[in-house]
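Visitor: Prediction below, plus the sequence it came from.
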Amino acid sequence: MKIKLFFIVILFLSCIKADAIQSIRIEENAVLGLNDCIRIALNNSPVVKSSIFNLDIAKFSVGVAKSAYFPSLSLGASYNQSFGERSHNRGSYQTRTLPGFDASLSQLLWNFGKTGANIRMEKFNKIAAEFDFDETVLTTIFNVKLQYYGVLAAKSLMEVEKLNVQINERNYQRTLAYFEEGIRSKIDLVNAEVNLSDSKISLVQAENTYKNAIVSLNNAMYVAYAPEYNIKNTETFNLATPNIPLSLSNIDHYDKLLELPDEISDAAYAVSAEKSDVLQNYVFEKYPYTFEKSVTIAKENRPDLKALNATVKAMRQYVLLTKRQYLPDLRGGVGYSYANMRNYADNSMNVSLNLTTTFNMMQVKHEVDIANTELNMAKNEVDLLNQNLYFDIQSAYIDMIQLEKQIPLLETRVRQTLENLELADGRYAVGLGDYIQLQDARVNYNNAQSSYVQAVYNYNVARATLERQIALPQEETLTVEDVKDYQKDLKKQEKAQTKKSKQIKQKENV
């Protein structure tokens, strides 16, 4: 049944191109990979949808700017009636004009490049909006990755704490047996009870962290009231448990944590539990680019940098447009009017050619100054982003390389602390070692595993951060072309729905 549900979910998500920007629900017991979660987030995100609306506004603004090349039509109708008194007692009079009509067509012939500058400005603004959309998509993907890795890390640390509880339960059972035989003192038994209680407290805290990590992932995907589902491991975060159930209802029962472990017939210490690796066969491919190459890729790919460069170009056109306010507009027009008087009808036709300009010299001067200042601000933003880009990539690159070197060492440390724990256990069993040495070995082993998991998580975050900084192309993403295709499909669906509604109304009328 789970396999069927898995393929149903994958089939549903594979149709995302046709249903782009439509909210997606998660099926119960579905198995989702990282790309599936990214896909869900991109389609559910209100922030992405807001960027799409901004794209529409930018596109329509270009149309508004181009409309200056089209003629303007003016229509009017009138009705006049007047009353008055004649001088020298000649009586009153009344003049009435029956309804009249007039129409005129005005066309801009030339305005010395003002319209062209305005159109170019809006086109650059549209390009900037497209890059802003790409930036929003990258940010959404990055947020999902962080939360996804957070769930994997929380699950791993929870498994470490469960393992620690098992170790302390075995320690307690063995120490209890030794105490009853008079081999160990009461203080060893009390210490074993305290350590068992502490390990259970740590497990509760780890489960709470895991629960919050699930909430954060659901929030990153914009999925409220999510059912129980599973997520897959990633290549760089391979847990011993292949599928991790995510539920907010099955991890809040702690009754057994308050109980002492059941008595077991064999109180001898067994280390099989500790040998259960939290991370299996952990390998990762080294980052393929040098720092210098990463900076080059970032300057080529970063949507926010491209958006700022487009904004600078738009501001140049705005400065040009502002300066040209001094220049006149050349317009041509043709008009027709009709008036029906009491005794006759008046028809007239006119053709005009006008060269006009209206401006406040002082106002235009200051507007040009403002436009130049805004252009300089836009250029400064580009320079600032270039500098921040360099240092942000440098910081992320250093963090990732450092973790690449640390992870193999921490993995070795886990094996070494496990071996030390086994030796300490053996010494304690034959009376050569004391309980403090055994607990120190246990704590060191537990800390080594936690540090190892945390380093793997930090590495995944650092690598995702670096990929985000250089805007590396993503396997699963959403492009402007996808949005355009969706909008075309949506218009077709609206037309088909309208046609269907008309047909239904016609049948009802018949």
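Guide: Structure's in. What do you need? Residues are numbered from 1 along each chain as shown.
Visitor: Please report the distance of the residue nearest to the spatial centre of the chain from R468.
Guide: Nearest to the mean C-alpha position of the chain, by Cα atoms, centre = their mean, lies T140 at 1.5 Å. Look at T140 and R468: by Cβ to Cβ, to the nearest Å, they are 11 Å apart. For every residue, glycine as well, the C-beta is placed using N, CA and C.
Visitor: Repeat that for L239.
Guide: Distance from L239 to R468, counting by Cβ to Cβ: 24 Å.
Visitor: and if you look at L327?
Guide: On the measure of Cβ to Cβ, L327 and R468 end up 47 Å apart.
Visitor: For the two, indicate the residue with more neighbours.
Guide: R468 (21 against 14; other Cβ atoms under 10 Å).
Visitor: what helix or strand is the more buried one on?
Guide: helix 435-469 (DSSP states H and E).
Visitor: could you say what helices and strands the helix or strand following that helix packs with?
Guide: Where DSSP H and E defines the elements, the next helix or strand beyond helix 435-469 is helix 480-509. Under the contact definition 3 or more Cβ pairs under 8 Å, 6 or more residues apart in numbering; DSSP states H and E, helix 480-509 sits against helix 46-66, helix 114-180.
Visitor: can you rerun that using 6 Å?
Guide: Here helix 480-509 touches no other helix or strand, going by 3 or more Cβ pairs under 6 Å, 6 or more residues apart in numbering; DSSP states H and E.
Visitor: Look at S104 and give its secondary structure.
Guide: strand (DSSP: H, G, I helix; E, B strand; the rest coil).
Visitor: Give me the nearest residue to it, chain neighbours excluded.
Guide: Leaving out its chain neighbours, the residue that sits closest to S104 by Cβ to Cβ, 6 or more residues apart in numbering is G335, at 3.5 Å.
Visitor: Compute the inter-axis angle for the helix or strand hosting K211 and helix 114-180.
Guide: Using DSSP H and E, K211 maps to helix 186-220. For helix 186-220 against helix 114-180, the angle by axes from the mean of the first three to the mean of the last three Cα atoms, to 10 degrees is 160 degrees.
Visitor: List the buried residues in helix 186-220.
Guide: Going by neighbour count (16 or more other Cβ atoms under 10 Å), the buried part of helix 186-220 is 188-189, 191-193, 195-196, 199-200, 202-203, 206-207, 209-211, 213-214, 216-218, 220.
Visitor: Same question for stretch 169-182: list its buried residues.
Guide: So, applying 16+ other Cβ under 10 Å, buried residues of stretch 169-182: 169-179.
Visitor: what does stretch 45-52 give?
Guide: Neighbour counts over stretch 45-52 (16+ other Cβ under 10 Å) mark 45, 48, 51-52 as buried.
Visitor: Specify which member of the residues you listed is nearest to N420.
Guide: Checking the buried residues of stretch 45-52 against N420 with Cβ to Cβ, the nearest one is S45 at 48.4 Å.
Visitor: Quick one: mean pLDDT over stretch 191-204.
Guide: What stretch 191-204 shows for mean pLDDT is 90.
Visitor: Which elements pack onto whichever helix or strand G333 is part of?
Guide: Secondary structure assigned from DSSP H and E places G333 in strand 329-340. Secondary-structure packing of strand 329-340 (3+ Cβ pairs under 6 Å, 6+ apart): strand 92-110, strand 345-356.
Visitor: Just want the angle from the helix or strand just after the shortest one to helix 435-469.
Guide: From strand 345-356 onward toward the C-terminus, using DSSP H and E, the following helix or strand is helix 361-429. Using the same axes, to 10 degrees, the direction of helix 361-429 lies 150 degrees away from that of helix 435-469.
Visitor: helices and strands around helix 361-429, which ones?
Guide: Using 3+ Cβ pairs under 6 Å, 6+ apart, helix 361-429 is in contact with helix 291-301, helix 303-323, helix 435-469.
Visitor: can you list the ones you listed in a markdown table and add distance to K379 and mean pLDDT?
Guide: Listed next are those as a markdown table, based on distance: least, Cβ to Cβ, whole Å; pLDDT from 0 to 100:
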| stretch | distance to K379 | mean pLDDT |
| --- | --- | --- |
| helix 291-301 | 16 | 94 |
| helix 303-323 | 6 | 94 |
| helix 435-469 | 22 | 89 |
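Visitor: want to try JSON lines for these, with distance to F101 as columns?
Guide: Formatted as JSON lines, the helices and strands packed on helix 361-429 follow (distance: least, Cβ to Cβ, whole Å):
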{"stretch": "helix 291-301", "distance to F101": "60"}
{"stretch": "helix 303-323", "distance to F101": "37"}
{"stretch": "helix 435-469", "distance to F101": "64"}
